[in-house]
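Participant: fold the stuff below for me.
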Amino acid sequence: MSEDKTAEIVLALEIDDPALADRLTALLGSIPGLRLAVPGEQAAAAIVARDPRIMPEDIALTQRELDVLALMAEGASNKVIARQLGISVHTVKFHVGSLLDKLDATGRTDAVAHAARRGVIEL
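Facilitator: Numbers count the residues shown, from 1 in each chain. Presented below is the predicted three-dimensional model:
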């Protein structure tokens with residue numbers, strides 16, 4: 001006799017918000033054929049929800065670069081960014097160049113898009 005075992009799907013939860021993690025654990029834990037992975041266990045799939053205020057580890061932006069990036073995302077020119085932040089246009093250009101380099105972007109729009117995709121900023 002062969003046993004008919006339904007393959008179990010192992011799902012990992014990587015969620016920064018403890019309340020959300022608890023709610024999802026309660027909801028997903030009752031689904032037949034689905035098992036939540038224990039920490040360190042390999043899973044077939046993962047649900048990941050990171051706090052958007054936490055910078056990805058591979059991108060080290062300064063607070064001033066984040067300020068410049070936020071204004072860039074709003075479409076502000078270098079002159080407007082300088083006025084808003086109380087710094088010179090030259091300093092804004094320096095920060096923009098640094099952002100392009102750190103985000104591996106080809107221009108301002110590309111930098112904003114890269115930052116949004118990687119969770120550095122929310123659009």
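
Participant: mind listing the helices for this protein?
Facilitator: Ranges of helices in the chain, per DSSP state H, are 18-28, 63-73, 78-85, 89-102, 108-117.

Participant: hmm, L11 and E41 touching each other?
Facilitator: No - assessed by Cβ atoms under 8 Å, E41 is found out of contact with L11, at 10.4 Å. The C-beta positions use only the backbone N, C-alpha and C, and glycine is treated the same way.

Participant: who's more crowded, the two?
Facilitator: Set E41 next to L11 and count neighbours by other Cβ atoms under 10 Å: L11 wins out with 18 against 10.

Participant: ok, now which ones touch that one?
Facilitator: For L11, the contacting residues are L28, L34, R35, L36, A37, A43, A44, A45, A46, I47, by Cβ atoms under 8 Å, 6 or more residues apart in numbering.

Participant: of the residues you listed, just the buried ones, PyMOL syntax please.
Facilitator: Entered in PyMOL, the line below selects the buried ones among these, by 16 or more other Cβ atoms under 10 Å:
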select buried, resi 36+37+43
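
Participant: burial of D104, as a residue count?
Facilitator: 10.

Participant: one step back: got the helices of the chain as CSV, with distance to A7 columns?
Facilitator: Listed next are the helices of the chain as CSV, based on distance: least, Cβ to Cβ, whole Å:
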stretch, distance to A7
helix 18-28, 17
helix 63-73, 44
helix 78-85, 54
helix 89-102, 43
helix 108-117, 33
